[in-house]
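Student: Dropping the sequence and predicted coords here.
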Amino acid sequence: MIAPPLFPWRLILASASPRRRQLLQGLDLHVEITSVDVDETPPQGLPDDEVAEHLARKKAEAWIGTLAADQVLVTADTTVLLDDASGAHLLNKPVDAADARRMLALLAGRTHRVITGVCLRTPSSTESFADIAYVTFRSLTPDEIAYYVERHHPLDKAGSYGVQDWIGYTAVTRLEGSFYTVMGLPMHRVYEALCKLPVPAN
């Protein structure tokens, strides 16, 4: 049987996101799931477009496990930025359903940026990067927004939506960049970064 590319790396995903788990398992490598808790409040003065990568690195640094020579810890964070005349507005996870409805009303009929930051940590190195996609929504009615929030409970998602579910099917009219970046893990960038790691000794 042919071994998958990147074999023999074993991956550890420090994330509670089932979407990231699904994506990372698509590399056909062994994936162990763990978690890490950090304060996701960005430091004062940090540019909004650097928040996702900063939080991905912070999660990697906070993980207290031990990595074997053939293991890579993967952490990630996704932010949504809406630009207007006054600058960029960072839309993180909503605090409640009302906040989710507010965010979706802001996104409706406009284009926003989705930035996913990733950190790869091995026993000897730590590397991070970010990938950007641009997503355009059609106009949404208040009833559509209310339905989506009540039915799909997007309280664990940056910007209050998941591109892979109902709102993505019905409201996204244009996407520039990787679909998987919007979903929460830019797999092409993860794969490229893993390919550059020195192969662990047997």
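Tutor: Nice, thanks for sending it over. On a predicted model such as this, the values are computed, not experimentally measured, just so you know.
Student: which stretches of the chain form helices?
Tutor: Under the criterion DSSP state H, helices of the chain are mapped to 18-25, 51-62, 97-107, 142-152, 166-171, 179-183, 187-195.
Student: Could you export the ones you listed as TSV, including mean pLDDT and mean neighbour count?
Tutor: (Each C-beta comes from the backbone N, C-alpha and C, glycine too.) Formatted as TSV, those follow (pLDDT from 0 to 100; neighbours: other Cβ atoms under 10 Å):
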stretch	mean pLDDT	mean neighbour count
helix 18-25	95	18
helix 51-62	97	21
helix 97-107	97	19
helix 142-152	98	15
helix 166-171	98	17
helix 179-183	98	22
helix 187-195	97	16
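Student: tell me the pLDDT at D70?
Tutor: pLDDT for D70: 95.
Student: How many neighbouring residues does it have?
Tutor: D70 has 17 neighbours, counted by other Cβ atoms under 10 Å.
Student: looking at it, it is touching W9, isn't it?
Tutor: Yes. Between D70 and W9 there is a contact under Cβ atoms under 8 Å: 6.0 Å.
Student: Find the residues that touch each one of these two.
Tutor: Counting by Cβ atoms under 8 Å, 6 or more residues apart in numbering, the residues touching both D70 and W9 are P200.
Student: Run through the bridge partners of A76.
Tutor: V118 (DSSP bridges).
Student: if I look at it, how far off is G162?
Tutor: For A76, the distance to G162 equals 15 Å [Cβ to Cβ, to the nearest Å].
Student: Which of these two has more residues huddled nearby?
Tutor: With neighbours defined as other Cβ under 10 Å, A76 and G162 compare such that A76 has more, 28 against 19.
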